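Q: got a predicted structure plus its sequence, pasted below:
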Amino acid sequence: MGRLRLAFACGDYDRTRALYEGTVRPDGIDLTYLRLPVEETFFRMMRHREFEVAELSLSSYVKSLDLDPSPFVALPVYPSRQFRHGGIFVNASSGIARPEDLRGKVVGTPEWQLTAGVWIRGILADRHGVPVDSVEYRTGGQETPGRIEKAAVDLGGRVRIEPIPADTTLSAMLADGGIDALYSPRVPSSFRQGGPVRRLFADQVAAEKEYFAATGIFPIMHVVVVRRDVYERHPWVAQSLTKALHLAKRAAMDNLYDSSALRFTLPWLIPAVEEAKALMGEDYWSYGLEANAATLSTFLRYHHEQGLSGRRYEPKELFAPEATEEFVI
């Protein structure tokens, strides 16, 4: 009996590279790994369901659960995690010096449903007194005109939001004052030394460390999903893929701490790893449900409060049950 052939669309990460190279192989599966930019993977998966397995925005995935039937089943594996205080950019002439100064301002975001945006809006509301509806929002392409939401969003008039003109970009509008601020996972091209755009948190690392110390949350950005038709025909793939992704991450973390020759072009890589472990624990990039239940619960609350999901889901509802348990001897 042959191995099941599956296509896996995912970014180019150290924590998944063993799957791309074939040094880790999922049990019973021949995996074709397609290294694609995340925006392309998300667009093609959400619009056309092109891949059997894919990295997917956590926000897009949770939004898809409202569909009947829901098109994907997630694994408790998080190829992308990132603190997002550094993703808030402001025009230097906007009068925004502190987070609370965002109230009443006009803020751009490439799409309302972006996971980074959900986290940023939630953190600003929870910790900095900036209610989601205290800001006016503009959506559109950050660097290229014409970007649209990957999936329809109906906010029912809860917030003031409208698209930017079709011939401009959020980055350009931020630089010329057409918007006061930008919430984005990508650094805008208008952010440069001495230019008109700066970060809201000048010392983003200090702000993010303070946030983690207070909350214990390392925000989850992406999950890995299996197309539902594949999962229903072959439910065993959930455990097989989860095991392989864990092994690939473990190999990456071991390699990252090899001080004999630095794996990446960062001079202080080893001290950075040691600091992360000291502040966040040995398994600072943890997978699984239990270890991440509080982080997921916070995100699911934000997602529902911001009008992106029909009800507030529980963390255990997100994942294939086969992928949340494992045997012991």
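A: Nice, thanks for sending it over.
Q: any weak-confidence spans in the protein?
A: Along the chain, segments meeting pLDDT under 70 span 1, 151-152, 328.
Q: would you map the helices across it?
A: For the chain, applying DSSP state H gives helices covering 17-21, 38-48, 58-64, 115-128, 170-176, 204-215, 228-233, 237-256, 269-280, 293-305.
Q: can you lay out the ones you listed as JSON lines showing mean neighbour count?
A: Quick note: C-beta positions are derived from backbone N, CA and C, even for glycine. Below are these laid out as JSON lines (neighbours: other C-beta atoms under 10 Å):
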{"stretch": "helix 17-21", "mean neighbour count": "18"}
{"stretch": "helix 38-48", "mean neighbour count": "18"}
{"stretch": "helix 58-64", "mean neighbour count": "24"}
{"stretch": "helix 115-128", "mean neighbour count": "22"}
{"stretch": "helix 170-176", "mean neighbour count": "22"}
{"stretch": "helix 204-215", "mean neighbour count": "14"}
{"stretch": "helix 228-233", "mean neighbour count": "15"}
{"stretch": "helix 237-256", "mean neighbour count": "19"}
{"stretch": "helix 269-280", "mean neighbour count": "13"}
{"stretch": "helix 293-305", "mean neighbour count": "19"}
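Q: for A323, find the nearest of those.
A: Nearest to A323 among the helices of the chain is helix 237-256; the distance by C-beta to C-beta comes to 4.3 Å.
Q: if we can go back for a sec, which one of the helices of the chain lies closest to M221?
A: Between the helices of the chain, helix 115-128 lies closest to M221; by C-beta to C-beta that is 5.0 Å.
Q: distance to F191 added to the helices of the chain, as TSV?
A: Formatted as TSV, the helices of the chain follow (distance: least, C-beta to C-beta, whole Å):
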stretch	distance to F191
helix 17-21	29
helix 38-48	19
helix 58-64	24
helix 115-128	15
helix 170-176	8
helix 204-215	12
helix 228-233	40
helix 237-256	28
helix 269-280	23
helix 293-305	25
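Q: closest to R160 out of those helices?
A: Using C-beta to C-beta, the nearest of these to R160 is helix 115-128, at 13.4 Å.
Q: would you map the strands across the stretch 1-150 of the chain?
A: Ranges of strands in the stretch 1-150 of the chain, per DSSP state E, counting those that start in this stretch, are 4-10, 29-35, 53-57, 72-81, 88-91, 106-109, 136-139.
Q: of all these, which one is nearest K209?
A: Of all the strands of the stretch 1-150 of the chain, it is strand 72-81 that lies closest to K209, at 15.0 Å by C-beta to C-beta.
Q: now do that closest one: everything it contacts.
A: Contacting residues not belonging to strand 72-81 are listed as 10-11, 13, 15-16, 38, 45, 55-56, 61, 64, 218-228, 231, 238, 241-242, 245-246, 285, 287-289, 292, 318-320, 323-324 [C-beta atoms under 8 Å, 6 or more residues apart in numbering].
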